[in-house]
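Novice: sharing a model that was predicted from the sequence below.
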Amino acid sequence: MIGYGATAGEHLPHAARSGERFCVRNSGATAVVEGVGDHGCEYMTGGRVVILGRTGRNFAAGMSGGYAFVLDLNPARVNGELVDLDPLTEARAAELKEIVEEHGRQTGSAKAAELLADWDQALARFTLVMPRDYRRVLQVREEARERGLDPGSDRFLRSWRCFMADPRGFLSHRREVAGRRPVGGPV
């Protein structure tokens with residue numbers, strides 16, 4: 001298990017495959033690997049992952065944030081409950097190329113060199129795995145910037161409430177308070 005709960009930084013491991021649960025609960029790191037076992041990117045909430053090889057089953061289960069670039073992705077191995085599988089935009093393609101180049105420099109990866117040697121051809125083999133709700137958040141943030149708002153400001157967050165069904169969640173419901181049991185009594 002590599003990258004479990006990572007919150008920041010870069011992880012460009014030796015040019016190799018990872019076992020199960022690569023980058024589970026990643027919330028901010030950038031990581032590259034040349035293949036993963038089952039449950040890769042499970043419960044991921046942020047960060048970027050590049051997989052230059054095969055994925056195991058149940059990829060992206062519970063993935064609510066961040067995104068992954070996957071080479072030769074088999075859609076049958078993806079848990080599609082929360083994510084979409086998309087082609088890369090020009091901006092994402094440029095981002096991916098930078099990451100693959102850095103991976104190649106730091107690891108001497110033959111796989112990275114092979115992909116970079118014919119990048120246009122390789123690019124067509126990549127899929128972007130993007131959580132639906134995270135995409136909506138990114139879109140709302142971009143719209144705020146276009147309107148001259150700071151996405152981290154109170155003004156923006158107040159206007160953003162329409163994006164969420166009920167921003168108060170359970171706080172808007174009355175709670176029943178049970179009486180306390182006597183100390184030493186049965187549980």
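Specialist: Received it, and whenever you're ready, just let me know what you need.
Novice: so who does the residue nearest in space to the middle of the chain touch?
Specialist: The residue lying closest to the centre of the chain (CA atoms, centre = their mean) is residue 66, at 2.7 Å. Contacts for residue 66 were tallied using CB atoms under 8 Å, 6 or more residues apart in numbering; they are 26, 27, 28, 41, 44, 45, 46, 47, 48, 49, 131, 134. Any C-beta I mention is one placed from the backbone N, CA and C, and that applies to glycine too.
Novice: show the pLDDT at it.
Specialist: Reported pLDDT at residue 66 in the predicted model: 93.
Novice: swap in the one 10 residues further on?
Specialist: Taken from the predicted model, the pLDDT recorded for residue 76 is 97.
Novice: next, it: secondary structure please.
Specialist: With DSSP: H, G, I helix; E, B strand; the rest coil as the basis, residue 76 sits in helix.
Novice: ok, and for the helix or strand containing residue 102, which residues are buried?
Specialist: Taking DSSP states H and E as the criterion, residue 102 maps to helix 90-107. Under the neighbour-count criterion of 16 or more other CB atoms under 10 Å, helix 90-107 has 92, 93, 95, 96, 97, 99, 100, 102, 103, 104, 107 buried.
Novice: from the residues you listed, which has minimum pLDDT?
Specialist: Among the buried residues of helix 90-107, residue 107 has the weakest pLDDT, 90.
Novice: distance of it relative to residue 101?
Specialist: 11 Å (CB to CB, to the nearest Å).
Novice: now intersect the contacts of residue 66 with the strands, please.
Specialist: Applying DSSP state E to these, the entries found in strands are 27, 28, 45, 46, 47, 48, 49, 131.
Novice: before I go, just wanted to say thanks for your time.
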